[in-house]
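[1] here you go, sequence then predicted model.
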Amino acid sequence: MVNIITRRGFDGGLANAYFGQYSEGDGATKSADLSWGMKRDRGWLSGTLQYTDEDPVWASDRPYSAFPSTVRHPTTGLSAINQHGTLIDPTLGSLTVNAGADPRNIANYHRTAVSDYANVTEQQTLKTGMERKSAFVDGGFEINERLLLRGSALYSVRDTFRNIPGYPYQSRVWGAMNAPLSIDSYYNPLGNQSGVANPRAVNYQRRTWEVPRSGNNKVTTVRASMMLEGNFDWGGQTLYWDAGYLFNRLRTDKTGTGDLNLRNVQLASGPSYYNTATGRVECGSAAAPIAYGSGAGQCVPWNPLAPYGGSYGGTLADPVLRAFLVPDNLDRGETRTRSFTANLSGTMFALPAGDLAFAVGMEARTEEGTFTPSLQKQRGETTNSRKAPTRGDYRANEVYAELNIPLLQDLPFARSLSLDVASRYSDYDVFGSTTNSKVGLEWRPSDELLVRANWGQGFRAPTINDLFGGEQDFFPAYTDPCDSRFGVARASAVCLAAVPVGYRQVASGGVPAGSPNVQSNLAFISGSNPDTKPETSTTTTVGFVYSPQWADGLGITLDWWKIDIQHAIVQNTPTDILNDCYVRNVASACGAFKRDPVTGEITTLNYAFTNAGWLKTSGVDLGMRYRLPSMAIGDIKLEWNSSYTRYRDIKSNDLATTPVNHTTGFGANFRLRSNFTADWSRGMFGAMWRVRYYSGIKEACAFDLAGGPECDKPDFVSPYTGRQPLRTVGPTVFNDFQLRMTLPWDGMVMLGANNVLGKVGSTLYSRPNSDFSYYGGFDLGRLVYMQYQQKF
């Protein structure tokens with residue numbers, strides 16, 4: 001937590017130190033911040049220094065992420081592309097060497113079995129590590145009684161660490177860059193150096209377990225602003241104005257390793273021989289040797305069939321081979337924002353109920369961004385897809401006007417009634433122009449009750465990263481709706497026409513999917529979308545604030561809200577795209593992927609930000625706060641906040657034939673979320689207990705499809721896809737606890753635990769907002785912490 005103090009009158013300081021760690025002994029978080037401020041007759045200066053360091057949490061250390069389908073199903077979802085290496089031969093099939101045996105002898109191999117598969121979560125971070133440093137300063141100087149100069153600056157560096165399993169390399173999926181193990185390779189157990197009767201080249205697949213794909217993403221933010229404020233008298237009124245300039249630069253440096261150099265893999269899998277003079281295996285042949293090493297014109301042979309961890313030659317445990325096959329890479333991106341604003345506000349004249357207030361202003365803003373991948377990616381020479389440098393920018397000019405009109409005051413049932421109207425005109429050089437307005441009404445029938453209603457239009461342009469942020473290869477988890485076992489549209493005419501009878505989705509390693517949401521066998525491409533358009537919205541809210549005099553300390557807020565978004569900017573997923581094509585009959589979605597015309601396997605798929613037809617949602621927010629009368633045992637405060645979503649519906653396009661996707665209660669769209677907090681204090685001591693509630697969720701069944709503990713509605717029938725076994729998961733509740741003590745020297749110490757009871761959230765095989773069978777917003781365990789705060 002960063003305490004950025006910008007109050008003009010602040011004079012003093014505030015320091016915090018924090019340490020927290022999960023009860024499993026991981027995920028330690030250390031942070032410290034120092035805020036200070038000083039006020040003088042004609043100015044002020046304040047600032048904040050902050051440092052945070054968060055250790056990663058590894059997926060293997062939690063039951064819900066230790067296996068792809070949790071510890072309940074430890075063999076489901078394992079990857080056939082494993083760390084032992086698999087030989088693929090048209091005659092012999094898929095073979096893996098016996099444990100501890102010589103991989104150069106074909107007699108030492110067995111048919112690849114599930115017991116050979118890789119549990120990829122062993123090398124995966126559940127929570128990324130992060131280090132953040134920041135410095136913020138804000139100040140102002142009163143030039144005279146009518147003129148003030150103020151400015152602020154921020155410098156922040158955030159460095160995150162992420163680890164995913166070694167690359168699932170397959171020698172036969174790269175076209176011209178395919179790299180089968182040569183018939184002349186020393187390591188080929190079916191090659192001409194093995195002594196077999198019919199020597200031949202072989203294909204293989206190997207997960208590079210020795211070199212997990214790890215990366216650091218360093219984001220450096222520089223922001224500076226300067227504003228001149230003043231006032232002047234005109235027509236008997238005092239008017240207030242300001243003019244300012246803002247500059248913001250965000251630079252991203254992504255460094256990583258784990259992707260293979262495709263050209264070097266071809267060389268390393270090519271001809272090789274044992275050089276008796278050097279006592280090692282080298283590329284080429286005795287008659288035509290290739291210099292040994294990782295530099296230009298050199299080569300190091302690879303034995304992809306040697307299991308991880310053994311004392312074999314030619315593995316990526318050799319640093320020379322690792323340098324030859326797995327180079328480091330650097331991608332860079334940068335966005336810049338420049339904004340000039342000017343505003344004028346004040347009162348125009350008096351009305352019977354009060355002064356008519358106004359505000360007008362303008363903004364001229366420029367957004368620009370660049371993305372420059374590593375040279376190897378630009379050339380298409382790595383297992384991470386070819387990427388071209390991108391650059392983009394746009395400019396926006398905006399003006400606005402707002403009026404606050406008092407209508408009634410100090411009348412029966414109308415202590416006050418006011419109307420607020422505003423409108424903003426925006427002109428984008430790439431999106432065109434738009435006008436968005438809002439109307440707000442506030443009615444206070446008594447001192448106890450405030451009734452409010454608002455209607456407003458919104459406009460959100462895609463960010464530079466949305467448009468020009470580049471692309472990246474992923475092996476995402478998804479469910480093919482045409483899969484004959486788990487697909488929601490498996491019996492539909494469009495699926496039967498697209499895939500062969502009995503089609504099974506191909507999971508990692510070319511094996512049939514054992515559950516929904518399995519990792520893809522081939523890399524899909526995710527990234528920015530330069531065709532993303534702005535989204536527009538209409539928001540309506542009606543509510544009240546009630547603070548009754550008969551119950552001192554009680555406050556109640558209740559708000560109904562409704563949001564309609566047109567052309568909603570959404571992050572498509574492979575499952576979304578496939579369902580749009582085969583379930584919702586959105587023809588445009590069918591062009592985002594290709595299938596093998598014979599097997600039906602999805603061979604390419606592009607997914608990125610896109611515009612949906614519309615998104616509509618509505619619900620109710622309730623807040624209640626009550627401070628009990630002081631008692632001998634101390635002071636007690638209660639607070640309850642809840643958000644209930646009536647519906648959240650998405651339509652992929654505006655065609656009448658496209659069905660609506662009702663998402664409330666599915667995925668990460670909880671119908672009800674509620675927090676209740678009880679706080680007690682007496683003298684220098686205090687305590688807090690908080691309860692966090694998430695309502696239940698529904699998802700397609702992954703197991704017990706005919707009915708059972710993990711599929712309680714096997715006969716559920718969808719109006720769009722027909723029979724689709726459904727699983728309902730009950731609510732999840734987390735509890736937090738804190739003790740605190742105020743010290744005589746303006747200090748405070750706090751001891752607490754988030755998720756103090758160690759609750760593990762519900763298993764969700766649909767993986768909402770997560771790479772694992774667990775909702776990404778749930779607690780990862782019991783987090784115990786201590787915090788010290790000092791004022792001075």
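    Yes, it's here.

[2] and for R213, the neighbour number?
    A count of nearby residues for R213, using other CB atoms under 10 Å, gives 20. (C-beta placed from N, C-alpha, C; glycine too.)

[3] ok, what's across the strand from it?
    I164 (DSSP bridges).

[4] so it touches T257, yeah?
    Yes: R213 sits in contact with T257 when judged by CB atoms under 8 Å, with a separation of 7.2 Å.

[5] what about the host helix or strand of S134, average pLDDT?
    Applying DSSP states H and E as the criterion places S134 in strand 129-144. The pLDDT scores in strand 129-144 average 97.

[6] name the residues of that strand that are buried.
    129-132, 134, 136-140, 142 (16 or more other CB atoms under 10 Å).

[7] need the max-distance pair from those.
    Across the buried residues of strand 129-144, the longest distance by CB to CB is 45.2 Å; it joins G129 and E142.

[8] partner strands of whichever strand or helix holds N641, parallel or antiparallel?
    Secondary structure assigned from DSSP H and E places N641 in strand 635-651. Strand 635-651 pairs in its sheet with strand 614-627 (antiparallel), strand 661-662 (antiparallel), strand 672-682 (antiparallel), by DSSP bridges.

[9] among those, where is the model least confident on average?
    For these, mean pLDDT drops lowest on strand 661-662, to a mean of 90.

[10] run the chain-centre distance for that one.
    22 Å (CA atoms, centre = their mean, to the nearest Å).

[11] again, but for stretch 510-527
    The answer for stretch 510-527 is 19 Å, by CA atoms, centre = their mean.

[12] tell me the mean pLDDT for it?
    Here the average pLDDT along stretch 510-527 is 87.

[13] now do it: distance from first to last residue.
    Start-to-end span of stretch 510-527 (CA to CA, to the nearest Å) is 25 Å.

[14] tell me the spacing between the spatially closest residue to I569 that is not a sequence neighbour and G215.
    Using CB to CB, 6 or more residues apart in numbering and skipping the chain neighbours, the partner closest in space to I569 is E535 (5.0 Å). Distance of E535 to G215, given as CB to CB, to the nearest Å: 31 Å.

[15] before we move on, what about L558?
    Separation of L558 from G215 (CB to CB): 46 Å.

[16] kindly report the same for G487.
    Counting by CB to CB, the gap from G487 to G215 is 33 Å.

[17] of the two, give the one with the bigger neighbour count.
    Taking other CB under 10 Å, G487 and G215 do not tie; G487 has more neighbours (27 against 20).

[18] so that one: helix, strand or coil?
    Secondary structure, DSSP: H, G, I helix; E, B strand; the rest coil: G487 is coil.

[19] which residues does it contact?
    By CB atoms under 8 Å, 6 or more residues apart in numbering, the residues touching G487 are 479-481, 495, 505.
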